[in-house]
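Student: Please find the sequence and the predicted model below.
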Amino acid sequence: MIDDGEGDGAGDGGAAAARAESPADRADATDASSGRAGRGWTRCLLAGAVFAVCMAGTTLPTPLYPLYQEKFGFSELTVTVVYAVYAFGVIGVLLLVGNASDTVGRRPALFWGLGFAAASAVCFLSASALGWLYAGRLLSGLAAGLFTGAATAYVMELAPPGGASRATFVATAANMGGLGCGPLLAGLLAEYAPAPLVLPFAVHLALVALSALVLLRLPETVRDPRPLSTVRPRRPALPPQVRAVFVPAAIASFVGFALFGVFTSVSPAFLGRYLHVDNHAVSGLVVALAFFASTAGQLAVSRVGVARSLPLGCAVLFVGLLFLAGALYADLLVLVVLAALVGGVGQGLAFRAALSAVAQAAPAAHRAAVISTLFVVAYTGISLPVIGVGLLADPLGLEEAGLVFIATMLLLIVPAAGYLLRRPVREDGR
């Protein structure tokens, strides 16, 4: 009887609690949950905006290289080396402290990145000799190296539960969108505003300062951060559960970034020398189109799926390379634009799928380090082929050097696509 009485009392209490939960109470709980999700997405987008500002600084000089060539009198090889110094800075940071934000926290790593971005802008503002350009590009690479892994992981961690896919798009769109905004902003200011080699970097310096203020308002996502002294350089290494995913992801990333590297470093010179396009805004827009198209390609991954996006991205990159070859052979602006659009979409498809697969397969404690390793491969693609084109440009000419690059990339992309078709990445990233 005691058991029955206790059972009845419990039942009555449960019924009373159920009756006490009115529609208004349920609505309040729903509103509270919705409010938390809204704050999460606001923070996620603000972190994405900070990410975009940093990345915009890395491509800001792109349409300005012809002006620097006139001012300092250097060759096409020097342009590609100046460009590649940035990539070496990125790779160096990723190799030495690519895991720093996993240890000290996301915000400290990003504040250091913003500091390097500001120092880069100051170098370009002070540029009176070629050495300033090397220093500015190196500092820009250090900033990007700190941001690539840390900011990507930070954006994803700030998103509400269940928002991993959308957060991945925010991160990759901030990355590529920021890269696209850099040449567009610099081209417009160089063409239609005074002081073309000063004003773009002054504007970016102001945006970096504003980004630092935004970052101060955002929370830390790493639990129990440790001192900077505990950070140790690590060789590129991957947890066992990530390796099967990483191989196809790295292949796609290398080829896509190689196309972007050559396109962004030498296309302004090609447009001016062979197509007689001397408008800096047009040069900046053509480069920006490639990055904006990449963002569109990333958005399409949600519908296409990760497994199909990797080989499809390689196929679209193949077509983009063919358009670029046609542009170099026939000297047609429309083919340059098509190469930017199609190649950008292919790169976006392949890269977002690669990033999603790698991020999902990586353990949380090593996510930023694994993402950084993927970017090491990507930035190897954006640097070594660029220098190769620069080395060949003097003896062969810019057009012929570009065609050699395209032939090499075509030889890589075909077996890469075949590999991805034989060993597709699963939708769960494993």
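Tutor: Thanks, I have it. These numbers were taken from a predicted model, which means no experiment stands behind them.

Student: per-residue confidence for the spatially most central residue of the chain?
Tutor: By Cα atoms, centre = their mean, the chain has its centre lying nearest to residue 175, at 3.3 Å. pLDDT for residue 175: 87.

Student: Let me see the contact set for it.
Tutor: Taking Cβ atoms under 8 Å, 6 or more residues apart in numbering as the criterion, residue 175 is in contact with 51-52, 55, 148, 151-152. In this view, the C-beta of every residue, glycine as well, is placed from N, C-alpha and C.

Student: what about 6 Å?
Tutor: residue 55 (Cβ atoms under 6 Å, 6 or more residues apart in numbering).

Student: Which element, helix or strand, includes it?
Tutor: For residue 175, the element it lies in under DSSP states H and E is helix 164-192.

Student: Give me the contacts around stretch 378-398.
Tutor: With Cβ under 6 Å, 6+ apart, stretch 378-398 has contacts from 76-77, 80, 83-84, 87, 90-91, 253-254, 257-258, 261-262, 265, 270, 401, 404-405.

Student: How far off centre is stretch 354-371?
Tutor: Centroid separation for stretch 354-371 versus its chain: 15 Å, with Cα atoms, centre = their mean, to the nearest Å.

Student: Alpha carbons of that stretch, in PDB - could you do that?
Tutor: Output of stretch 354-371 as PDB, limited to C-alpha atoms (Å, rounded to 0.1, in the frame of the first residue of the first chain):
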ATOM      1  CA  ALA A 354      37.400  18.900 -48.600                       C
ATOM      2  CA  LEU A 355      37.100  21.200 -45.600                       C
ATOM      3  CA  SER A 356      33.800  19.700 -44.500                       C
ATOM      4  CA  ALA A 357      35.100  16.100 -44.800                       C
ATOM      5  CA  VAL A 358      38.300  16.900 -42.900                       C
ATOM      6  CA  ALA A 359      36.600  18.900 -40.100                       C
ATOM      7  CA  GLN A 360      34.000  16.300 -39.500                       C
ATOM      8  CA  ALA A 361      36.500  13.500 -39.300                       C
ATOM      9  CA  ALA A 362      38.900  15.300 -37.000                       C
ATOM     10  CA  PRO A 363      38.700  15.000 -33.200                       C
ATOM     11  CA  ALA A 364      37.600  18.200 -31.600                       C
ATOM     12  CA  ALA A 365      40.900  18.600 -29.700                       C
ATOM     13  CA  HIS A 366      42.900  18.400 -33.000                       C
ATOM     14  CA  ARG A 367      40.500  20.100 -35.400                       C
ATOM     15  CA  ALA A 368      42.400  23.300 -35.900                       C
ATOM     16  CA  ALA A 369      45.700  21.500 -36.400                       C
ATOM     17  CA  VAL A 370      44.200  19.100 -39.000                       C
ATOM     18  CA  ILE A 371      42.500  22.000 -40.800                       C
END
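
Student: For it, buried residues please.
Tutor: For stretch 354-371, a neighbour-count test (16 or more other Cβ atoms under 10 Å) marks 354-362, 366-371 as buried.

Student: Tell me which of the residues you listed has the lowest pLDDT.
Tutor: Among the buried residues of stretch 354-371, residue 368 has the weakest pLDDT, 67.

Student: okay, now the closest residue to residue 89 other than its chain neighbours: neighbour count?
Tutor: Taking Cβ to Cβ, 6 or more residues apart in numbering, and ignoring the residues beside it in sequence, residue 89 has residue 141 as its nearest neighbour in space, at 2.2 Å. Residue 141 has 26 neighbours, counted by other Cβ atoms under 10 Å.

Student: Pull up the gap between residue 141 and residue 399, please.
Tutor: 28 Å (Cβ to Cβ, to the nearest Å).

Student: likewise residue 47?
Tutor: For residue 47, the distance to residue 399 equals 42 Å [Cβ to Cβ].

Student: ok, these two, which is more surrounded?
Tutor: Between residue 47 and residue 399, counted using other Cβ under 10 Å, residue 47 has the larger neighbour count: 30 against 16.

Student: Quick check: which element contains the more buried one?
Tutor: helix 23-59.

Student: which is the next helix or strand following that helix?
Tutor: In N-to-C order, the element after helix 23-59 by DSSP H and E is helix 65-72.

Student: In PDB, list the C-alpha atoms belonging to the helix or strand that that next one is followed by.
Tutor: Moving toward the C-terminus from helix 65-72, the next helix or strand (DSSP H and E) is helix 76-97. Extracted C-alpha coordinates of helix 76-97, given in PDB (Å, rounded to 0.1, in the frame of the first residue of the first chain):
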ATOM      1  CA  GLU A  76      57.500  39.300 -63.700                       C
ATOM      2  CA  LEU A  77      59.600  36.800 -61.800                       C
ATOM      3  CA  THR A  78      59.800  39.300 -58.900                       C
ATOM      4  CA  VAL A  79      56.100  39.700 -58.900                       C
ATOM      5  CA  THR A  80      55.600  36.000 -58.500                       C
ATOM      6  CA  VAL A  81      58.200  35.800 -55.800                       C
ATOM      7  CA  VAL A  82      56.600  38.700 -53.900                       C
ATOM      8  CA  TYR A  83      53.300  36.900 -54.200                       C
ATOM      9  CA  ALA A  84      54.800  33.500 -53.100                       C
ATOM     10  CA  VAL A  85      56.500  35.100 -50.000                       C
ATOM     11  CA  TYR A  86      53.000  35.400 -48.600                       C
ATOM     12  CA  ALA A  87      52.400  31.700 -49.100                       C
ATOM     13  CA  PHE A  88      55.700  30.700 -47.500                       C
ATOM     14  CA  GLY A  89      54.700  32.900 -44.500                       C
ATOM     15  CA  VAL A  90      51.400  31.000 -44.300                       C
ATOM     16  CA  ILE A  91      53.100  27.600 -44.500                       C
ATOM     17  CA  GLY A  92      55.700  28.500 -41.900                       C
ATOM     18  CA  VAL A  93      53.000  29.500 -39.400                       C
ATOM     19  CA  LEU A  94      50.900  26.500 -40.000                       C
ATOM     20  CA  LEU A  95      53.900  24.200 -39.600                       C
ATOM     21  CA  LEU A  96      55.300  25.900 -36.500                       C
ATOM     22  CA  VAL A  97      52.200  27.000 -34.600                       C
END
